[in-house]
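Participant: structure here, sequence nowhere to be found:
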């Protein structure tokens, strides 16, 4: 059964909500593969309300919020940054965070949010979307592949004090639009 979701662009007033849901989603997804100390250090460094406000104020970032009724269910933070050398496509934009609370998995919200992110990238003139995914997060990897993202190599993500193996994915937006149907 598909659930009804809506999407809107985040504003400065959403910093507190992003800090809360970002920390919750990250914790519930990655705790089993990391120490509590590394998780706490990462959450402190990444999901403070002030950092979320700074990210929202950065004009090179764009954040989409996914709602079920009035409840924030997930979000996608996209931004401009120099991609790793293995991302070779033109005019790239990065999906920095793509989070959905577990209770909403399998209800169509993630697909709707990814469609909106890809549409934003296209409408903004980007030709490539790229992201890093934890190598052990097979659910996320399968999701990205269903949208046509190609695994282009590996990278490292530091979580707390621990170096993590990431897979780097890229989506060529110049390919047939049906390739990103999810």
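Facilitator: That came through, no problem. Being a predicted model, the structure only gives us computed values, none of them experimental.
Participant: quick check: residue 113 touching residue 7?
Facilitator: Yes: look at residue 113 against residue 7 with Cβ atoms under 8 Å: they come within range, at 6.4 Å. Yep, even glycine has a C-beta here, placed from its N, CA and C like the rest.
Participant: name the residues contacting each of these two.
Facilitator: Shared contacts of residue 113 and residue 7, defined by Cβ atoms under 8 Å, 6 or more residues apart in numbering, comprise 64, 66.
Participant: more neighbours: which of those two?
Facilitator: Just comparing residue 113 and residue 7: by other Cβ atoms under 10 Å the higher neighbour count belongs to residue 113, 23 against 19.
Participant: now the more buried one: which helix or strand?
Facilitator: Residue 113 is located in helix 109-123, with elements delineated by DSSP states H and E.
Participant: I'd like the average pLDDT over whatever helix or strand comes next after that helix.
Facilitator: Going down the chain from helix 109-123, the next helix or strand is strand 128-134, by DSSP H and E. For strand 128-134, the mean pLDDT works out to 96.
Participant: pull out the buried positions in the helix or strand that comes right after strand 128-134.
Facilitator: Moving toward the C-terminus from strand 128-134, the next helix or strand (DSSP H and E) is helix 138-146. Buried positions in helix 138-146, judged by neighbour count with 16 or more other Cβ atoms under 10 Å: 140-141, 143-144.
Participant: mind giving me the packing neighbours of helix 138-146?
Facilitator: Where contact means 3 or more Cβ pairs under 8 Å, 6 or more residues apart in numbering; DSSP states H and E, helix 138-146 is packed against strand 128-134, strand 162-172.
Participant: just to revisit the earlier point, with distance to residue 45 and pLDDT as new columns, can the buried residues of helix 138-146 be given to me in JSON lines?
Facilitator: Formatted as JSON lines, those follow (distance: Cβ to Cβ, whole Å; pLDDT from 0 to 100):
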{"residue": "140", "distance to residue 45": "21", "pLDDT": "95"}
{"residue": "141", "distance to residue 45": "25", "pLDDT": "97"}
{"residue": "143", "distance to residue 45": "26", "pLDDT": "97"}
{"residue": "144", "distance to residue 45": "25", "pLDDT": "97"}
